[in-house]
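Participant: sequence unavailable; structure follows:
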């Protein structure tokens, strides 16, 4: 585990606590990895970037390296899934976005069912589901 942490610390050349795709690429090259395909590196980076903020935190890195429990991987996967439903990228899933999810799954949901789902999952009565509300309602309390 120490070598995994050391790799991150060495790669984080600016000391920001995050890795950029460039820092990761440079470190892989420095460690002797053949970096021929920038798209492959970017895909690996995006897999680690669970928040989708174009930077990889130490926790995200440790999860990607298998140093975090499976429950944390599952929760991160569910957050990525929720983020994919969030078409506006505002961190919330509104009624129209939720309806679109069901349409994409070829599942017909009535307006009444959609209303019930929203009202039962929207614990703070905000009119939308934040990712944690969505995950808990749709997938159960796993995250």
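Facilitator: Structure's in. What do you need? Model, not experiment: these values are computed from the prediction. Numbers count the residues shown, from 1 in each chain.

Participant: buried residues, stretch 45-52. List them.
Facilitator: 45, 48-50 (16 or more other Cβ atoms under 10 Å). (Each C-beta comes from the backbone N, C-alpha and C, glycine too.)

Participant: what does residue 25 show for phi and psi?
Facilitator: With angles defined as degrees, to the nearest 10, residue 25 sits at phi -60, psi -50.

Participant: excluding its backbone neighbours, what's nearest it?
Facilitator: residue 41 (5.2 Å; Cβ to Cβ, 6 or more residues apart in numbering).

Participant: now residue 14
Facilitator: residue 23 (7.6 Å).

Participant: which element is the one you found on?
Facilitator: Assigned by DSSP states H and E, residue 23 falls within helix 21-30.

Participant: one step back: just the buried residues of stretch 45-52: which are in helices?
Facilitator: Counting by DSSP state H, the buried residues of stretch 45-52 place 45, 48 in helices.

Participant: can you redo the buried residues of stretch 45-52 as CSV with pLDDT and distance to residue 115?
Facilitator: Formatted as CSV, these follow (pLDDT from 0 to 100; distance: Cβ to Cβ, whole Å):
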residue, pLDDT, distance to residue 115
45, 90, 40
48, 88, 38
49, 89, 35
50, 83, 31
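
Participant: out of the buried residues of stretch 45-52, the closest to residue 114 would be?
Facilitator: Nearest to residue 114 among the buried residues of stretch 45-52: residue 50, at 28.2 Å, using Cβ to Cβ.
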